[in-house]
Structure formats: structure tokens, C-alpha cells
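Enquirer: Show me how the following folds:
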Amino acid sequence: MGTERKRVGAIDRALQLLDLLTERGRPMSAYELARATGAPASTVYKIVDELSERGMLSRAGDSLIWLGPRLLRYGLTYRASVDAFAEARREMERLCAEIGETVQICARDEGMMTVIGMARGPGHFNVASNVGTRVPLNWTASGRLLLGHLAEAERRAIFARCARPSETGQAETNPDILSWMARSEFERRLAVQMSASEYAVACIASPICDATGGCVATISIVLPETRAKADQDRLTAAVQRAAQNVENALGLHPGAPAPSAGEPDRAAHANGLGK
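Expert: Numbers count the residues shown, from 1 in each chain. Prediction:
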């Protein structure tokens, strides 16, 4: 029994180190890892040695620790097995070609939103959020949608725990307002943000749901605010149609009508487009 508890403790410590490196996004020393996790330095050194031997961690420069190459194999294998992601990626590429703007696929990672796929549009417009970028759920249109299917108390509790002020100062942080926004946007299948996480950058997102009705990912268009406001009807219809195409491909509601390319979406005005 004691051996089993010790083994579980070691696994938890190993996951702590992997999660911390992923969250910080940079190599760290064993001493930094020990301080950040509160684990004894001797324990951290031992776990680092064992994980490094197995390719789960790697040495980077002067006494620095980083994620190991074995993790890439696990991640790629897992991602390839997720039908929703495969379908979303195909739709992401198609939508990017159709509208000529950058398109992203995003998913939830506990209290954060993570970009898991991206197709860059032509031109010189660049966004700071590349694949692997993680930001608080309240910073993004996609982040709110990813909680929209949950019960009100659960939505509010997550926002209360995880909401943070954004660098632009324009992201909502009130958990009651965020909970209401998440639900109403999810029901409309559309969320829009303007300059919430990046100045002068807009994001127009729609949820991708599974068979239970839960939002497992989002597909979003990321572009300058000026272009979003000038072409709001076409873009909102396009992103909603793309999300529904993914669900149709998964057999969730085949034959369901998607918004037509020329149909205005009044929900966009409620979310701030055209203001």
C-alpha cells in the first residue's frame, strides 16, 4: 500500500514538472522547478534524471530542463486519433482559402484556451497567437464559447478562478458577466471580440460541439478590426458555416442548414461588430 502511494506521488510530481514547463513556455533549472512546485530539490533532481533518461525531458544549455522529444510522438499520435480535430483542420484550411484571413482552431486546457491549429491568411497581417499559445479563457471569444455549454454555477466558478486582466485592459473579468456572455454566445453559436487580447485585432469564433452538445473546440477568424467591421456579415456567416460543416462531417446533425454566405447575422451586432 505504501509503495502504491509513493508511486502515485512520483507520477503527480512528474506531471507537475511537465505542466509547469508547458505553462512557462521556456526551459527552467531544476532549482526553479523545485521552488515553483514546492517539491524538495532532491526529489526534483531525481525525477528530472529519470524523465530525461526516457526522453520525456531534455537538457537545454547550462543546467536547464526542457520538454523531451518523446512527448511530441505522444501528442501527434493523440491528435491524429481525434476525429474532430482532423475534420476541423480540413475545414480550417478550406475557410482560410475562402475568406483570405487567418483561421485558428482552439481548445480548452483547464483555465486556459490553447491554439491547437492555425492556417495563416495571405498578406502581411500577423497575430501573436501561434499554435501552442495559451491565454486565460476570459481573454478570447473562443475561450468563452468553450465554457458556454456548462451549467451556470460551473461557468461562474471557472471564470471566478481563472479570469485575468488582459494586456489591453479590455477583457471582461467579472465572472457573472462572463458566465452570461458565454452562455448567450454559445446559444447563438457566435462570439466576437475586439482588442480584448491584442490591440486592433478582432476574433470571430463559432463552437464545434460533440454528440453530447458540449463545446470541444472552436473555429475562429483572426483579422484586423477594420476588416472585421467592414465585412461582418460575410465573415460571421462563414465561420458559423465552417463550424457546422465540421459537426456535419462527424455525423452529429447531417443535413442541418448552415448560414448562407450573404445572410446577415444580428448576433454579430450584439457582440460588438459594427460598433
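
Enquirer: Give me the below-cutoff pLDDT ranges for the chain.
Expert: The chain contains residues with pLDDT under 70 at 1-8, 78-83, 124-128, 195-198, 253-275.

Enquirer: and residue 40, what is it in contact with?
Expert: residue 34 (Cβ atoms under 8 Å, 6 or more residues apart in numbering). C-betas here are computed from N, CA, C, even on glycine.

Enquirer: All further residue positions should be reported with the first residue as 53.
Expert: Let's use 53 as the start, then, which means that last one is residue 92.

Enquirer: Quick check: it vs residue 293, distance?
Expert: Distance of residue 92 to residue 293, computed by Cβ to Cβ, to the nearest Å: 54 Å.

Enquirer: now do residue 158
Expert: Residue 158 is 18 Å from residue 293, by Cβ to Cβ.

Enquirer: which one of those two has more residues nearby?
Expert: Higher neighbour count among residue 158 and residue 293: residue 158, with 29 against 19, using other Cβ atoms under 10 Å.

Enquirer: helix/strand/coil for that one?
Expert: strand (DSSP: H, G, I helix; E, B strand; the rest coil).

Enquirer: Stretch 75-93: end-to-end distance?
Expert: Start-to-end span of stretch 75-93 (Cα to Cα, to the nearest Å) is 20 Å.

Enquirer: Would you mark the buried spots in that stretch?
Expert: Using 16 or more other Cβ atoms under 10 Å as the test for burial, stretch 75-93 gives 79-82, 84-86, 88-89, 91.

Enquirer: Closest to residue 102 out of those?
Expert: residue 82 (12.5 Å; Cβ to Cβ).

Enquirer: Hmm, the closest one is touching residue 118, no?
Expert: No: in this structure residue 82 lies outside contact range of residue 118 using Cβ atoms under 8 Å: 11.9 Å.

Enquirer: Can you show me the helices along the stretch 53-202 of the chain?
Expert: 54-76, 82-89, 93-105, 121-133, 135-151, 193-197 (DSSP state H, counting those that start in this stretch).

Enquirer: Using a markdown table, please lay out these together with distance to residue 167.
Expert: Shown next, in a markdown table, are these (distance: least, Cβ to Cβ, whole Å):
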| stretch | distance to residue 167 |
| --- | --- |
| helix 54-76 | 14 |
| helix 82-89 | 24 |
| helix 93-105 | 26 |
| helix 121-133 | 13 |
| helix 135-151 | 11 |
| helix 193-197 | 9 |
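
Enquirer: Provide the strand pairings for the one helix or strand residue 271 maps to, with the direction of each partner.
Expert: Assigned by DSSP states H and E, residue 271 belongs to strand 267-276. The strands beside strand 267-276 in its sheet (DSSP bridges) come out as strand 154-161 (antiparallel), strand 253-261 (antiparallel).
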